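J.: Could you work out the structure for the sequence below:
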Amino acid sequence: MTVVRIRLRGDFCISSPTGDALTPRGKKAMGLLAMLASSDNHTRSRRWLEDKLWSDRGSEQARGSLRTTLVDIRKNLGEFAEILGSDRTSVWLEQDRIETDIDNTESTREFLEGLVIPDPEFNDWLMQQRMMLRRSGANRSDAQLPGRVTIQCGEPWNQSSTGNAKQQIVNDQVGKIISEFIAASRRTITETNADLVIRTSIEEEDGGAAILVQVIDPLMDEIVHSDHCFAEDLNNFLRSQEVLGRFCWNVADLTLEKLPGLRRDQSPLAMRSGHVQKALRKVLTFDPVEMQSSLSVLDIANDEMDAGLYLALKAWAMTSMIMEGFLVEDAATLEEISALLTRAEELAPGDAMMAAVSANVQAILFERHDSAVNLARRALRENPNNLFALQAMSVGRIAQGQLDQAYELSRQSKFISALSKFEAMCNLHHSLLCISLQRTEEAVASSKLAAERSPAYRAPRRQLIGLHAAQNRAADSLKQVNELKTIETNFSIERYLFDQSYPSNTLRKSGYLDRARQSLVGRK
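T.: Here you go, the predicted structure:
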């Protein structure tokens with residue numbers, strides 16, 4: 001029986017028994033064949049393939065795209081088209097008609113080397129496959145592991161003039177935020193082969209100053225992201241941690257969102273940013289399924305690069321799940337989270353973002369406030385606008401009785417995070433702090449903003465039920481009850497008011513829940 005050969009290590013190709021090329025031209029056609037050839041029984045469901053190759057399309061569009069791709073593959077296979085089978089639910093390759101090199105443990109070539117498909121679900125699958133092959137001792141050497149990422153902040157100093165210090169302040173702040181999330185180094189001394197260049201231009205006039213920031217991919221000479229703003233008083237703009245911080249944070253945040261697609265070649269820059277941003281987006285949906293899947297993304301990231309930041313982020317994601325009620329806060333879970341933080345510190349003892357994320361977990365979950373303050377201080381020395389560190393420091397200060405400082409730190413994180421994907425999280429944190437400080441109106445405003453920015457976020461709606469009820473605004477409180485029931489199917493007023501295990505500790509400790517009972521008992 002004639003056998004078609006499929007090469008999965010190195011450049012993907014498929015060839016006839018006589019060596020004639022049968023490889024389809026389309027990248028997604030190659031990816032589809034590779035996913036079938038590398039599966040245990042060479043079979044995948046149609047829905048699974050659609051999710052991996054057309055995750056950004058509606059179900060009807062994805063089904064149509066799959067049908068078209070199968071037709072194209074069969075045309076390209078010619079007389080060997082019968083090796084590809086399909087029915088209404090599945091697609092497969094005839095097992096006795098194909099031969100692959102996936103079990104060739106002596107190969108030093110990367111699995112599907114150079115195959116670039118612009119779909120995050122496919123790239124997740126690809127990374128998982130490479131990780132499993134590497135675990136089997138069959139894939140790539142240490143020399144091939146993702147290398148260091150370098151960011152060049154501004155023009156090299158040997159080309160700079162004395163008048164560019166103001167631009168460099170902006171470059172440095174944007175560079176700090178980006179580098180913290182992808183464990184990168186920053187350079188400005190000489191011309192470098194940097195992965196990313198940050199360049200700021202400032203034009204001062206009598207009426208103020210125009211500030212333009214460009215984040216550039218030097219390899220492709222493409223602008224990854226750019227933004228600008230106008231300042232009536234440039235010096236005040238640069239001196240204000242909040243104003244400068246918000247502008248730079250949003251530049252960095254949008255840049256980080258775009259970096260995973262950069263060059264589409266699994267470069268260290270794309271890989272690092274891709275892992276972190278995908279995990280963050282999943283956690284910040286506050287959807288139980290998405291939050292759970294973020295843990296797998298971070299596991300893949302750590303297996304790929306063994307960086308302490310990914311372990312700390314996993315601990316933070318698990319803490320967020322506990323706060324939302326999606327993960328049981330038992331001894332085993334707490335021990336796992338604690339072990340993640342310990343290992344993260346061992347892997348990245350000088351990493352500011354790792355310290356900030358760890359501080360956040362220490363403060364919120366374990367209530368180890370002295371440890372959280374020390375870690376947060378370490379992170380804030382590096383970057384005064386680190387949102388995780390600001391929150392952790394705020395929680396630590398309120399535990400130490402420094403209420404005014406706690407409030408200002410929280411307000412700073414809320415201001416800086418505006419318009420970013422962290423806005424809902426920071427507003428919820430500020431709301432909880434304001435509840436503790438009996439700042440009812442401000443707590444209501446922040447909770448509303450958090451709920452608006454993230455529709456699946458349960459915590460701000462829980463706060464609003466109690467806050468409105470305590471204000472004798474029963475109708476507004478019951479409106480929030482009905483909205484919460486749509487995303488928390490087992491919710492009831494009785495459980496909310498009387499179940500000590502229900503996640504409303506801040507309302508309970510601050511007395512708002514007692515006041516809410518007087519307004520809500522007996523209502524449906």
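J.: how about Leu126, what does it touch?
T.: With contacts defined as CB atoms under 8 Å, 6 or more residues apart in numbering, Leu126 is in contact with Phe111, Leu112, Leu115. For every residue, glycine as well, the C-beta is placed using N, CA and C.
J.: Which strands or helices does the helix or strand containing Glu60 pack on?
T.: Element membership for Glu60 (DSSP states H and E) is helix 59-77. With contacts defined as 3 or more CB pairs under 8 Å, 6 or more residues apart in numbering; DSSP states H and E, helix 59-77 has these neighbours: helix 27-37, helix 46-53, strand 84-86.
J.: What mean pLDDT does the following helix or strand past the shortest one get?
T.: With elements assigned by DSSP H and E, the helix or strand that comes after strand 84-86 is strand 90-93. Throughout strand 90-93, pLDDT has a mean value of 93.
J.: Dump strand 90-93 to PDB, keeping only the CA atoms.
T.: The C-alpha coordinates for strand 90-93 follow below in PDB (Å, rounded to 0.1, in the frame of the first residue of the first chain):
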ATOM      1  CA  SER A  90     -15.000  14.900  12.300                       C
ATOM      2  CA  VAL A  91     -12.000  15.100  10.000                       C
ATOM      3  CA  TRP A  92      -9.300  12.500   9.800                       C
ATOM      4  CA  LEU A  93      -6.300  11.100   8.000                       C
END
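J.: Does anything pack onto it? Which helices or strands?
T.: Looks like strand 90-93 contacts helix 27-37, strand 43-45, helix 46-53, strand 84-86 (3+ CB pairs under 8 Å, 6+ apart).
J.: what about stretch 268-286, distance to the chain center?
T.: From the chain centre to the centre of stretch 268-286 is a distance of 3 Å (CA atoms, centre = their mean, to the nearest Å).
J.: For Ile435, which of the helices and strands packed on helix 59-77 is the nearest?
T.: helix 46-53 (40.7 Å; CB to CB).
J.: Please compute how far that closest one lies from its chain's middle.
T.: In terms of CA atoms, centre = their mean, the centre of helix 46-53 is set 23 Å apart from its chain centre.
J.: That one vs helix 59-77, what angle?
T.: 90 degrees (axes from the mean of the first three to the mean of the last three CA atoms, to 10 degrees).
J.: Can you list the buried residues in helix 46-53?
T.: Of the residues in helix 46-53, Arg46, Trp48, Leu49, Glu50, Asp51, Lys52, Leu53 count as buried by neighbour count, 16 or more other CB atoms under 10 Å.
J.: residue contacts, the third one?
T.: I take that to be Leu49. Leu32, Met35, Leu66, Val91.
J.: Go through those residues and say which is closest to Arg239.
T.: Distances from Arg239 to the contacts of Leu49, taken by CB to CB, are shortest for Met35, at 54.3 Å.
J.: What about Pro218, how many residues nearby?
T.: Neighbours of Pro218 under the rule other CB atoms under 10 Å: 13.
J.: Now it. Nearest residue, chain neighbours left out?
T.: Computed as CB to CB, 6 or more residues apart in numbering, the closest residue to Pro218 that is not its neighbour in sequence is Val197, at 5.2 Å.
J.: isn't Pro519 right up against Ser477?
T.: Wrong residue type there; residue 519 is Ser, not Pro. Yes. The pair Ser519 / Ser477 is scored as a contact, 6.8 Å apart, by CB atoms under 8 Å.
J.: So which elements touch the helix or strand hosting Arg461?
T.: Per DSSP H and E, Arg461 falls inside helix 458-470. Under the contact criterion of 3+ CB pairs under 8 Å, 6+ apart, helix 458-470 touches helix 308-324, helix 423-436, helix 440-453, helix 474-487, helix 505-510, helix 512-520.
J.: Look up how far Leu334 lies from the closest residue to Phe122 other than its chain neighbours.
T.: Nearest residue to Phe122, sequence neighbours excluded (CB to CB, 6+ apart): Lys52, at 5.0 Å. Distance, Lys52 to Leu334, by CB to CB, to the nearest Å: 35 Å.
J.: again with Asn123
T.: Where Leu334 is concerned, Asn123 sits at a distance of 33 Å (CB to CB).
J.: Equivalent analysis for Asn386, please.
T.: When distance is defined by CB to CB, Asn386 is 25 Å away from Leu334.
J.: next one: Val170
T.: Val170 sits 41 Å away from Leu334, taking CB to CB as the criterion.
J.: Look at these two and report which has more neighbours.
T.: Set Val170 next to Leu334 and count neighbours by other CB under 10 Å: Val170 wins out with 26 against 15.
J.: Look up phi and psi at the nearest residue to the more buried one once chain neighbours are set aside.
T.: Nearest residue to Val170, sequence neighbours excluded (CB to CB, 6+ apart): Thr200, at 4.3 Å. Torsion angles at Thr200 (phi, psi; degrees, to the nearest 10) stand at phi -120, psi 140.
J.: so Thr200 bridges to which residues?
T.: When assigned by DSSP bridges, Thr200 has beta-bridge partners Val213.
J.: so how many other residues sit close to it?
T.: For Thr200, the neighbour count with other CB under 10 Å is 24.
J.: Does it touch Ala209 like I think?
T.: No. Using CB under 8 Å, Thr200 is not in contact with Ala209, being 11.3 Å away.
J.: Count the neighbours of Glu242 for me.
T.: Glu242 has 15 neighbouring residues, counting by other CB under 10 Å.
J.: Wait, a strand at it?
T.: No. According to DSSP: H, G, I helix; E, B strand; the rest coil, Glu242 belongs to no strand; its state is helix.
J.: Quick check, it in contact with Gln412.
T.: Yes. Glu242 lies in contact with Gln412 (CB under 8 Å); the separation is 5.7 Å.
J.: Now the common contact residues for the two.
T.: Common neighbours of Glu242 and Gln412, counting by CB under 8 Å, 6+ apart, are absent.
J.: Tell me where the model's unsure across this protein.
T.: Within the chain, the stretches with pLDDT under 70 are 1, 131, 134-148, 155-163, 183-192, 263-266, 304-306, 522-524.
J.: ok, Cys13 to Thr23 distance?
T.: Separation of Cys13 from Thr23 (CB to CB): 5 Å.
J.: higher neighbour count, those two?
T.: It is Thr23, of Cys13 and Thr23, that has more neighbours when counted by other CB under 10 Å, with 17 against 13.
J.: ok, and for stretch 241-254, which residues are buried?
T.: In stretch 241-254, counting by 16+ other CB under 10 Å, buried: Val243, Leu244, Gly245, Arg246, Phe247, Cys248, Trp249, Asn250, Val251, Ala252, Asp253, Leu254.
J.: One more: stretch 6-26?
T.: Across stretch 6-26, burial judged by 16+ other CB under 10 Å covers Ile6, Arg7, Leu8, Arg9, Phe12, Ile14, Ser16, Leu22, Thr23, Pro24.
J.: I'd guessed Asp195 sits against Ser267; true?
T.: Yes. Using CB under 8 Å, Asp195 is in contact with Ser267, at 7.2 Å.
J.: between those two, who's got more neighbours?
T.: Between Asp195 and Ser267, counted using other CB under 10 Å, the more crowded position is Asp195 (25 against 18).
J.: Which residue, neighbours along the chain excluded, lies closest to the more buried one?
T.: Spatial nearest neighbour of Asp195, chain neighbours left out: Leu269 (4.4 Å); criterion: CB to CB, 6+ apart.
J.: Surely the one you found touches Pro260?
T.: No. Contact criterion CB under 8 Å: Leu269 and Pro260 do not qualify, at 9.0 Å.
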